[in-house]
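Asker: quick check, what structure comes out for this input:
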Amino acid sequence: MAQKKTQMENQPAMKVGIIGIGQVGLVLMTNIHKANNTQFILSAVCDTRPEIGQLVPQGVTFTREAAEVVKSCDVIMTCLPRAQDVKTVWERSIKDNLSKGQYWIDHTSSIHSQNEQLDREVTCLGAQFIEAPITGGLSALKRGEMCCLVAGKRTAVDRMRSLLDINYQQLHYLGQQVGSCTVVKLWSNLLNASQIVAMTEMLLVAKRQGLDLNKVFHAIRASSGNSFAWETGVPEVFKGRYDTSFTIQNHNKDIANGVQLADDLGVDIPMMKLTQQKFKDAQSAFGDLAGCYSYAKLAEDLHEEKLQVAGYEKWSWGIEVIGEEQTSAIRHENCVLPE
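Answerer: Numbers count the residues shown, from 1 in each chain. You can find the predicted model right below:
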């Protein structure tokens with residue numbers, strides 16, 4: 001193992017390019033540039049918005065043409081809003097410029113069937129495709145605590161491991177079957193959404209019953225009803241923020257793709273379709289850019305109740321990985337403890 005590591009260290013640093021400098025791409029750009037990794041060096045970034053060029057670190061090439069990134073870099077990372085955006089970039093910029101020995105890491109929450117097709121076509125070109133959607137929230141990504149789901153050839157994933165480790169606390173390898181990560185990511189967001197709906201209903205019941213909402217929050221944290229959504233969603237509602245780091249438009253996009261997959265497979269999911277409608281209602285009420293937990297705000301308005309709790313204005317959270325089994329635990333900061 002040590003010999004393999006030495007061989008990799010002796011190889012020239014691979015040039016990394018990022019296509020799409022949105023919320024995710026911006027963090028990746030910053031982290032990779034600061035990492036001073038001996039195996040990977042940030043070389044070029046692409047975004048269609050010219051103002052993004054002002055954010056690019058000195059020495060890194062900025063271009064509005066994705067093809068330039070593909071031509072000049074060994075590793076291409078795409079961080080795009082939708083599956084259609086990935087398809088467009090593939091057809092217009094990547095397909096005719098990708099060559100043997102290159103790696104393409106796609107972080108987009110996409111569609112599994114599209115990724116399966118891309119993997120086949122990229123393989124035919126002699127390059128490597130790695131499916132790598134991320135989950136855990138933008139604030140976790142900024143701290144390097146996010147989880148990345150990866151699928152693709154094991155040798156390719158191992159070669160890119162130290163690059164991925166720069167940004168992610170946990171990597172979950174789901175195997176060579178590209179498309180599997182997208183299924184897990186979509187349904188992770190569906191589960192999260194359903195728990196936000198249930199969380200909101202429970203808080204409204206507790207409020208009208210006259211209970212102390214902060215004490216309720218901590219009691220559920222210690223109970224069988226606890227979840228990631230409860231631990232992080234309830235304080236967002238207490239703050240009145242509803243998690244603006246991820247828009248309800250993007251959340252609904254993932255929900256729709258997950259529901260469509262279930263329909264294609266003939267699986268009846270009445271609870272998830274009800275959740276989907278609740279989130280659609282929230283998007284209609286507050287707009288595409290509202291926070292992904294805005295259903296709670298909608299329910300507050302419908303019931304003429306406020307679920308905010310004093311003392312959570314500066315609350316934040318992190319993720320701590322515990323033990324060999326890699327259990328994720330939420331670490332609270334500026335949390336109001338019950339008396």
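Asker: show me the longest helix that occurs in this structure.
Answerer: Selection of the longest helix in the chain by residue count, based on DSSP state H, yields helix 180-208.
Asker: tell me how far that one lies from the chain's centre.
Answerer: 16 Å (Cα atoms, centre = their mean, to the nearest Å).
Asker: C-terminal to that helix, what's the next element?
Answerer: Later in the chain than helix 180-208, the nearest helix or strand by DSSP states H and E is helix 213-221.
Asker: now do the buried residues in that next one.
Answerer: 214, 216-218, 220-221 (16 or more other Cβ atoms under 10 Å). Where you see a C-beta, it was placed from the backbone N, CA and C, and this is true even at glycine.
Asker: and for stretch 176-186?
Answerer: Counting neighbours by 16+ other Cβ under 10 Å, one finds that the buried residues in stretch 176-186 are 178-186.
Asker: export these as JSON lines, with columns for distance to Phe246 and pLDDT.
Answerer: As requested, those are arranged in JSON lines below (distance: Cβ to Cβ, whole Å; pLDDT from 0 to 100):
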{"residue": "Val178", "distance to Phe246": "24", "pLDDT": "96"}
{"residue": "Gly179", "distance to Phe246": "23", "pLDDT": "95"}
{"residue": "Ser180", "distance to Phe246": "22", "pLDDT": "96"}
{"residue": "Cys181", "distance to Phe246": "18", "pLDDT": "96"}
{"residue": "Thr182", "distance to Phe246": "17", "pLDDT": "94"}
{"residue": "Val183", "distance to Phe246": "19", "pLDDT": "94"}
{"residue": "Val184", "distance to Phe246": "17", "pLDDT": "95"}
{"residue": "Lys185", "distance to Phe246": "13", "pLDDT": "94"}
{"residue": "Leu186", "distance to Phe246": "14", "pLDDT": "93"}
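Asker: pLDDT score for Glu9?
Answerer: Per-residue pLDDT puts Glu9 at 57.
Asker: could I get the CA-only coordinates of stretch 312-328 as CSV?
Answerer: Below are the C-alpha coordinates for stretch 312-328, written out as CSV (Å, rounded to 0.1, in the frame of the first residue of the first chain):
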residue,chain,number,x,y,z
TYR,A,312,-31.9,30.4,18.4
GLU,A,313,-30.9,33.5,16.3
LYS,A,314,-27.2,32.4,16.2
TRP,A,315,-27.8,28.6,16.2
SER,A,316,-25.7,26.6,13.8
TRP,A,317,-24.7,22.9,13.5
GLY,A,318,-22.0,20.5,12.4
ILE,A,319,-21.6,16.8,11.8
GLU,A,320,-19.3,14.6,13.9
VAL,A,321,-18.5,11.1,12.7
ILE,A,322,-18.4,8.6,15.5
GLY,A,323,-16.6,5.2,15.6
GLU,A,324,-15.6,2.7,13.0
GLU,A,325,-19.2,2.4,11.9
GLN,A,326,-19.1,6.0,10.8
THR,A,327,-22.2,7.1,12.6
SER,A,328,-23.1,10.7,11.9
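Asker: and which of the buried residues of stretch 176-186 is nearest to Glu305?
Answerer: Distance ranking of the buried residues of stretch 176-186 against Glu305, using Cβ to Cβ, places Leu186 first at 31.7 Å.
Asker: helices along this protein, start to end?
Answerer: Using DSSP H, the helices of the chain run over 2-10, 23-35, 66-72, 83-89, 112-124, 138-142, 154-159, 161-165, 180-208, 213-221, 228-239, 248-265, 270-286, 295-303.
Asker: using JSON lines, please lay out the ones you listed together with distance to Leu55.
Answerer: Listed next are the helices of the chain as JSON lines, based on distance: least, Cβ to Cβ, whole Å:
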{"stretch": "helix 2-10", "distance to Leu55": "31"}
{"stretch": "helix 23-35", "distance to Leu55": "7"}
{"stretch": "helix 66-72", "distance to Leu55": "16"}
{"stretch": "helix 83-89", "distance to Leu55": "20"}
{"stretch": "helix 112-124", "distance to Leu55": "28"}
{"stretch": "helix 138-142", "distance to Leu55": "15"}
{"stretch": "helix 154-159", "distance to Leu55": "29"}
{"stretch": "helix 161-165", "distance to Leu55": "21"}
{"stretch": "helix 180-208", "distance to Leu55": "27"}
{"stretch": "helix 213-221", "distance to Leu55": "37"}
{"stretch": "helix 228-239", "distance to Leu55": "27"}
{"stretch": "helix 248-265", "distance to Leu55": "21"}
{"stretch": "helix 270-286", "distance to Leu55": "28"}
{"stretch": "helix 295-303", "distance to Leu55": "31"}
